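Undergrad: Need the 3D shape of this:
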Amino acid sequence: MSQSGPREVEHEITVSAPAADVYRLIAEVENWPRLFPPSIYVDHVERTGTEEVIRIWATANGEAKNWTSRRVLDPERLRIGFRQEVTAPPVADMGGTWIVEPLSASTSRLRLLHDYRAVDDDPEKLKWIDEAVDRNSRSELAGLKDNLEFVAASQELTFSFEDTVEIAGSAKDVYDFINEAGLWSERLPHVATVRLTEDVPGLQTLEMDTRAKDGSVHTTKSYRVCLPHEKIAYKQTTLPALMSLHTGYWTFRETAAGVAASSQHTVVIRPENITAVLGPEAGVADARAYVQAALSTNSRATLGHAKDYAEARR
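TA: Presented below is the predicted three-dimensional model:
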């Protein structure tokens, strides 16, 4: 029997953070991949006053999806309304509201309302959406709660850095080298094996075994959003022991001499694993230095090979 009218559901959670902080974090969509487990990458399409259009790439039931949403921001009432403009099947229509309610000076209730319909009002498709919305809503709210409280307690664990290489070649050739990660085991000495899938053009799943300086091999998995020939954003979902979060992006900016290719990383250290990995005397500063050195070494090596590749094609 088909579903008549939209499905309406609500999820909520209590957060040990002021309501204004909760609202601000949700409003700053560029931080979503750092805050909400399903989110891979978010960018702005347009902004006008309190209205904006954003593109979101996220996982749903283990599949990577992307869609476009229009949002209406109401900072006075601590509400954000949203409606998907371009949906991904099996969703025919999706919208809702974030509502932040202060419970005290230091705690708040966060409510997430959804309304949606399935393509052709198909009951099986609706069931798929029910499961995805429920799973993602619980994950998003739990992730937001954890990250709000985590950020308030220990900002020193989160840090970002960037490496840039000047290349006398074209942005397209450099982009192609990074985009064609399926060939990295042949092109990059520190990559042992690669498993790359791209069922939807520009949306990749990358599993990779990389060799560290000490000879050990580490397996990672990332979702990548590829925007020719300007940017490749990613979120790592299988992480080494020292990291609880790793997001980043590759950018390719044309210059008078060629292209400035950059690799940016944002990392959150997992403090409970520091001494097990680095020894009993190690602290947060040691872990930050270790992680940055490891990631920067691999990034600069990859950019170096991309430089050779692009400059050979001038």
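
Undergrad: Just the pLDDT at W184, thanks.
TA: According to the prediction, W184 has pLDDT 97.

Undergrad: same question but for Q3, I mixed them up
TA: For Q3, the model assigns a pLDDT of 48.

Undergrad: Then the one 5 residues further on?
TA: As predicted, E8 sits at a pLDDT of 95.

Undergrad: which residues of the stretch 201-314 of the chain fall in helices?
TA: Here the stretch 201-314 of the chain has its helices, by DSSP state H, counting those that start in this stretch, at 274-278, 284-311.

Undergrad: among those, which is the most enclosed?
TA: Per residue and on average, the most neighbours among those fall to helix 284-311, with a mean of 17 (mean count of other C-beta atoms under 10 Å). For every residue, glycine as well, the C-beta is placed using N, CA and C.

Undergrad: Which other helices and strands does that one contact?
TA: strand 158-167, helix 171-179, helix 184-187, strand 258-269, helix 274-278 (3 or more C-beta pairs under 8 Å, 6 or more residues apart in numbering; DSSP states H and E).

Undergrad: Need the residues that contact the first one.
TA: Same thing as strand 158-167. For strand 158-167, the surrounding residues in contact (C-beta atoms under 8 Å, 6 or more residues apart in numbering) are 34, 151, 174, 245, 255, 257-269, 288, 292, 296, 299-300, 303-304, 306-307, 310-311.

Undergrad: Same question for stretch 197-213.
TA: With C-beta under 8 Å, 6+ apart as the contact definition, stretch 197-213 has outside contacts at 57, 64, 66, 181, 184, 189-196, 217-228, 234, 238, 294, 297-298.

Undergrad: got it, and stretch 227-237?
TA: 33, 39-41, 57, 171-172, 175-176, 178-179, 202, 206, 220-226, 243, 246-253.

Undergrad: Out of the helices of the stretch 201-314 of the chain, the one nearest E131 is which?
TA: helix 284-311 (34.9 Å; C-beta to C-beta).

Undergrad: for that closest one, the distance to its chain's centre please.
TA: Offset of helix 284-311 from its chain centre (C-alpha atoms, centre = their mean, to the nearest Å): 20 Å.

Undergrad: Strand 258-269 and that helix, what's the angle between them?
TA: 150 degrees (axes from the mean of the first three to the mean of the last three C-alpha atoms, to 10 degrees).

Undergrad: wait, S244 sits on V268?
TA: Yes: the criterion here is C-beta atoms under 8 Å, and S244 meets it with V268 at 4.9 Å.

Undergrad: so who does G95 touch?
TA: Neighbouring residues of G95 by C-beta under 8 Å, 6+ apart: G81, F82, R83, Q84, H114, D115, Y116.

Undergrad: Can you add distance to P6 and give the helices of the stretch 201-314 of the chain back as TSV?
TA: TSV is the format used below for the helices of the stretch 201-314 of the chain (distance: least, C-beta to C-beta, whole Å):
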stretch	distance to P6
helix 274-278	48
helix 284-311	44
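
Undergrad: Which of those helices sits closest to R77?
TA: Smallest distance to R77 across these (C-beta to C-beta): 38.6 Å, for helix 284-311.
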